[in-house]
Structures are given as structure tokens and as C-alpha cells.
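>>> pasted the sequence and its predicted model underneath.
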Amino acid sequence: KAGVTQTPRYLIKTRGQQVTLSCSPISGHRSVSWYQQTPGQGLQFLFEYFSETQRNKGNFPGRFSGRQFSNSRSEMNVSTLELGDSALYLCASSQSTADTQYFGPGTRLTVL
Amino acid sequence: AQTVTQSQPEMSVQEAETVTLSCTYDTSENNYYLFWYKQPPSRQMILVIRQEAYKQQNATENRFSVNFQKAAKSFSLKISDSQLGDTAMYFCAFQTRLYGGSQGNLIFGKGTKLSVKP
């Protein structure tokens, strides 16, 4: 069974732009979570989606948003990019909200 | 709020030896899960082992085992017969078990960078 895939793997943007990251969960998994990883703050939870509904949200500004489609694929969007948004963005999927999360390879976002 | 602390930023071990990584957590919850994830230089976060708090028996997965001390809120990872491929960042993570069986988000420690030397 294929693992979690994330596209693109690398992205370079400039301040003020917006960006959309994509995550395809493991086949059959309906829950998708997003995490931001930075050297300073470590791994921080962004949000979780299950059956196209946001189930949980971390402590991030409204510039960070996401959605989930009927096929369980998820996207996250960051508007008005700031230098501090440079990070590795990890997506994780699980069969349901009661199962172990499996991670994708991440998208490395660099904001110049 | 739950917190996870990994007090060893870096560790090294000789190939074939045993190493133990420490993790402590703070929570007022009684039902939760604990995990160890491994992140090699390739960045892919890989699940190493999972422990359910209501189970007293320590989880094991091949060369990986945990020492779960619920009262002390301690959850250490032991890697036996260390291999070069074990070189990675290791993250301890906590997850609340919510009412109805669903789970909260993962809360991670800062990580321990493990180097296995030949």
C-alpha cells in the first residue's frame, strides 16, 4: 500500500505571497493532520480533518487554513507569507480519529 | 496542557551496543497514548513504537522496547544491537485519548539526535 504523499517536496516563495500544499493520505485513511516543524519551535500541530470537516485546530494565525476533499486528500494554504513561515510541513494520515498517524515525507517551504 | 520533555539533545552509541533515550511528560489525563517516532536525515517521520497508557505491559518491536512508568510519567526507548540505520532524530510524542475513543493531536518533544558509530 502506498504511503502518504506530499507535493511539492520543495517550495520557495517570497514574503506576502500565498502557498498551497497538498497531501494524499494512505488509501482507506480518512483522517489527515498537518504539523509544522522548525528548528526553534519543533513540531507543532496545525489542524486535523476527518470526513471533510476540521476536527481540531492548533494555535496558529488565521493565515493558515486547510480543507479536505471527498477522496480524503487535503490541502493547506498559507496566505501573506512571512519569513517565519519557513519550515518543513508534515502531513499525517490515519484510518480514523482513533488510530495511529503515519507521516508523509514533508514539504520544505522557504520564504525569502 | 500536556508537555513532553526529552532531556538529551544528542546521544551517540557504538554499533551493536544498547542505548536508552529518555522522555518524560506532564498530563492530568488518565487515558492516552505514547509514541516514539524516528526521523532520519531523509526527513520521513517513521513510527517506531506505540504504548497505550492503560496497558501495564511495555511495548516491544524487534530491537526497540520501552520502559513505561505511568506514575513517574516516564517513557524511555531502548534500542538494542544498534545499527548504522538507526542514526536519526527520535521524537517522543503524547496523544490524549478522547471521549468516544477518538484521539487528540500529537504533542512532540524537542527530539534526541542519535548517532550510531561504526
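Everything's here; your move. As the structure is a computational prediction, the values presented were derived from the model and not from experiment.
>>> helices and strands of chain A: which one bottoms out on pLDDT?
strand A:53-57 (a mean of 90; mean pLDDT, DSSP states H and E).
>>> and the next helix or strand after that one, what does it pack onto?
Per DSSP states H and E, the first helix or strand lying C-terminal to strand A:53-57 is strand A:64-68. Using 3 or more CB pairs under 8 Å, 6 or more residues apart in numbering or on different chains; DSSP states H and E as the contact test, the elements touching strand A:64-68 are strand A:42-50, strand A:53-57, strand A:74-78. Every residue, glycine included, has its C-beta placed from N, CA and C.
>>> go through these and name the closest to A:Thr5.
strand A:74-78 (11.4 Å; CB to CB).
>>> against which helices or strands is the closest one packed?
strand A:19-24, strand A:31-38, strand A:42-50, strand A:64-68, strand A:87-94.
>>> near chain B at all, the first one?
It refers to strand A:19-24. No: for strand A:19-24 and chain B, the contact criterion (CB under 8 Å from any CB of the partner chain) is not met; the two come no nearer than 13.2 Å.
>>> parallel or antiparallel, list what pairs with that strand.
Paired strands of strand A:19-24, with direction, are strand A:5-7 (antiparallel), strand A:74-78 (antiparallel) (DSSP bridges).
>>> show me what counts as buried in that strand.
A:19, A:21, A:23-24 (16 or more other CB atoms under 10 Å in any protein chain shown).
>>> that's a helix at A:Gly84, yeah?
Yes: assessed with DSSP: H, G, I helix; E, B strand; the rest coil, A:Gly84 lies in a helix.
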